[in-house]
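Colleague: return a 3D structure for these sequence lines:
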Amino acid sequence: MAHLSFPSPVGELTVTEQDGAIVSLDWGSKRGGAPNALLDQAKAQLDAYFSKKIKAFDLPLRPQVSGFQARVLRVMQEIPYGKTKSYGDLAAWIGSAPRAVGGACGANPIPIIIPCHRVIAKSGDLGGYSGQGGATTKRRLLVHEGADLGVLPLDQ
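Modeller: Numbering: from 1, shown residues only. Reported below is the predicted structural model:
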């Protein structure tokens, strides 16, 4: 597996590629990366996302997850930039329970690119986020996208 680490507005990120597809995006830096064209493309798209030049990613993805988790991740990718859906919305789309969807969101190995930050509680609360900074980072990503967070308290 090859990986590339680089700074971003939400902290140091490391994107990992295996067999021609992105398999993970993690917070933090890893030494000894072996950049390649796909990793350079992923970094360029992430930079463009943070610069508001793109709203969607066009990368080959291969998250290493269960069948159920893969269904949840596919549905998450349908949530438009700047919009949110609830865990219950996603559960209804795939015929599951909101708590199971929340678990799959938390296990997303490719956050930001697969936008689990766009999934919130039905009440409007942000819910959790597995990335560095937790809900604060989730809020930053949603604000970056111009999502309507209503009257959600700033500390959520």
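Colleague: in the chain, which spans are strands?
Modeller: With DSSP state E as the criterion, the chain has strands at 2-6, 13-18, 21-27, 85-86, 119-120.
Colleague: any weak-confidence spans in this structure?
Modeller: Low-confidence segments of the chain, defined by pLDDT under 70: 150-156.
Colleague: for it, what's the longest helix?
Modeller: helix 37-50 (DSSP state H).
Colleague: angle of it against strand 21-27?
Modeller: On the basis of axes from the mean of the first three to the mean of the last three CA atoms, to 10 degrees, helix 37-50 is oriented at 50 degrees to strand 21-27.
Colleague: who's in contact with helix 37-50?
Modeller: 2-4, 6, 8-9, 13, 15, 17, 20-22, 33, 54-55, 57-60, 112-113, 144 (CB atoms under 8 Å, 6 or more residues apart in numbering). The C-beta positions use only the backbone N, C-alpha and C, and glycine is treated the same way.
Colleague: list the buried residues of that helix.
Modeller: For helix 37-50, a neighbour-count test (16 or more other CB atoms under 10 Å) marks 38-39, 41-43, 45-46, 49 as buried.
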